[in-house]
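1. could you look at this predicted model? Sequence included:
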Amino acid sequence: MNPSGEQHVLRSGDAEAVVVEVGAGLRGYQAGGRDVVDGYGPHEMAPDCRGQVLAPWPNRLGDGVWSWDGARHVTPVTEPERGTALHGLVRWAPWRVLARAADAVVLEHVLFPQPGYPFVLRLQVGYELSDAGLRVTTTATNEGDADLPYGEGHHPYLASPGGRLDGDLLTVPAATRVVPDERLLPTGTAPVDGTPYDLRAGAPLGDLVLDDCLTDLSRDANGVAEVRLTDAEGRGAALWLDASYRWLQLFSGDVLADTGRRRRGLAVEPMTCPPDAFRTGVGVRRLGPGESTTSTWGIRPL
């Protein structure tokens with residue numbers, strides 16, 4: 001059996017995407033004979049969070065300790081080197097298939113109460129592949145009898161069109177950077193104006209090292225923001241996100257344990273809340289009993 005469980009292969013025209021049972025993650029996406037995302041092989045555990053679903057919180061939760069409606073909760077620290085609980089609770093869980101077609105799949109996982117998150121949360125993630133690209137829709141529903149906190153993100157790596165990020169152009173429509181401390185937890189915000197993080201007009205990545213959260217995204221009339229990673233000829237990929245995703249984490253992979261994967265792709269992580277949100281309350285969605293919320297993002301080849 002593959003470490004990532006059942007492999008759901010989606011096809012549309014010359015495009016193919018692979019979604020896996022473990023974590024409902026995106027293992028790969030190719031179009032026109034080239035990689036759109038920098039994924040991983042069928043016999044690997046998802047390295048470096050590649051393609052994973054991040055819920056019920058994305059990014060880092062300092063010390064794994066937080067409060068909700070007057071109650072203190074402690075969840076396991078999963079990033080011991082920084083003392084944080086990283087990327088939620090569903091990355092390594094099996095997800096069952098709800099619906100399947102040649103070009104689409106919907107997976108579901110019910111997160112039952114556990115130490116540190118004593119709530120019942122139903123999660124559904126749908127992937128749909130078409131000529132327009134890959135569309136990903138996440139729906140969360142509170143199945144319990146008390147309000148719960150919720151945040152969500154995804155962790156795809158856009159493949160470098162040139163093979164290494166140094167020669168690529170990156171466009172990010174973000175006006176504000178979340179300033180991190182040494183544990184990559186937020187200390188405040190700052191405008192990107194006049195800094196290397198001002199990528200609104202597009203800029204060569206060069207040797208810029210990124211593990212940063214950006215926000216205040218400019219959007220089109222439909223509330224959609226778009227990040228582009230291209231070569232000098234404009235080939236590459238765009239990741240778009242709807243208005244529910246107000247934050248982006250960008251990670252250039254300079255510290256990956258596998259040196260062969262460093263700067264080979266750029267993690268572009270749409271997030272509904274910023275790092276440490278369960279402790280700060282920023283961007284956390286309160287879901288009442290029976291209430292649902294849905295968010296959508298996608299990737300298209302350029």
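-> In hand now; what should we look at?
2. tell me the contacts of Arg228?
-> 169-171, 202, 236-238, 302 (Cβ atoms under 8 Å, 6 or more residues apart in numbering). The way it works is simple: take the backbone N, C-alpha and C, and place the C-beta from them, glycine included.
3. do Pro58 as well
-> Contacts of Pro58 (Cβ under 8 Å, 6+ apart): 87-88, 151-153, 249, 269, 271-273, 275.
4. could you list which of these belong to strands?
-> 153, 249, 269, 271 (DSSP state E).
5. can you list the residues you listed in CSV and add neighbour count, pLDDT and distance to Arg34?
-> Output for the ones in strands among the contacts of Pro58, formatted as CSV (neighbours: other Cβ atoms under 10 Å; pLDDT from 0 to 100; distance: Cβ to Cβ, whole Å):
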residue, neighbour count, pLDDT, distance to Arg34
Gly153, 27, 98, 26
Gln249, 24, 98, 25
Glu269, 25, 98, 22
Met271, 27, 98, 27
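6. before we move on, the earlier item: out of the contacts of Arg228, which are buried?
-> 169-170, 236-238 (16 or more other Cβ atoms under 10 Å).
7. thinking again about what came up before, ok, of the contacts of Pro58, which one's closest to Ser218?
-> Nearest to Ser218 among the contacts of Pro58: Met271, at 17.0 Å, using Cβ to Cβ.
8. partner residues bridging the nearest residue to the closest one once chain neighbours are set aside?
-> Closest residue to Met271 apart from its sequence neighbours, by Cβ to Cβ, 6 or more residues apart in numbering: Gly153 at 3.8 Å. For Gly153, the beta-bridge partners are Leu54, Met271 (DSSP bridges).
9. roughly how far does Gly153 sit from Gly162?
-> Gly153 sits 27 Å away from Gly162, going by Cβ to Cβ, to the nearest Å.
10. what's the answer for Val178, then?
-> In this view, Val178 and Gly162 are 28 Å apart by Cβ to Cβ.
11. show me which of these two is the more surrounded one.
-> Val178 (24 against 18; other Cβ atoms under 10 Å).
12. what helix or strand does that one sit in?
-> Val178 is part of strand 174-180 when elements are defined by DSSP states H and E.
13. any buried residues in that strand, and which?
-> Buried, per 16+ other Cβ under 10 Å, within strand 174-180: 174-178, 180.
14. try stretch 237-245
-> Quick answer for stretch 237-245 (16+ other Cβ under 10 Å): 237-242, 244-245.
15. is His43 in a helix, a strand, or coil?
-> coil (DSSP: H, G, I helix; E, B strand; the rest coil).
16. how about the nearest residue to it, chain neighbours excluded?
-> His43 sits nearest to Asn2 (Cβ to Cβ, 6+ apart), 6.2 Å away.
17. so how far is Val18 from the one you found?
-> Taken as Cβ to Cβ, the span from Asn2 to Val18 is 10 Å.
18. the more surrounded of these two?
-> Counted by other Cβ under 10 Å, Asn2 and Val18 do not tie: Val18 has more neighbours, with 21 against 15.
19. which residues touch that one?
-> Val18 neighbours (Cβ under 8 Å, 6+ apart): 7-10, 26-29, 39, 42.
20. show me the buried residues of stretch 237-245 that map onto strands.
-> 237-241.
21. pLDDT value on the residue in the chain sticking out farthest from the centre, please?
-> For the chain, the largest distance from the centre (Cα atoms, centre = their mean) belongs to Gly70, which lies 29.4 Å off. According to the prediction, Gly70 has pLDDT 96.
22. what's the answer for Asn2, then?
-> The model's pLDDT for Asn2 equals 89.
23. where's it, which helix or strand?
-> Asn2 belongs to no helix or strand, assigned by DSSP H and E.
24. that one reaches Gly41, doesn't it?
-> No. Between Asn2 and Gly41 there is no contact, the gap being 9.2 Å when judged by Cβ atoms under 8 Å.
25. if I look at Gly5, how far off is Gln52?
-> Counting by Cβ to Cβ, the separation of Gly5 from Gln52 is 13 Å.
26. what of Val22?
-> For Val22, the distance to Gln52 - Cβ to Cβ - is 9 Å.
27. give me the common contacts of the two.
-> With Cβ under 8 Å, 6+ apart, Val22 and Gln52 have common neighbours Ala46.
28. neighbour count for those two, which is higher?
-> Taking neighbours as other Cβ under 10 Å, Val22 and Gln52 compare with Gln52 leading, 25 against 20.
29. confidence score at that one?
-> According to the model, Gln52 carries a pLDDT of 98.
30. which of the buried residues of strand 174-180 lies closest to Gly298?
-> Using Cβ to Cβ, the buried residues of strand 174-180 come closest to Gly298 at Ala174, 18.3 Å.
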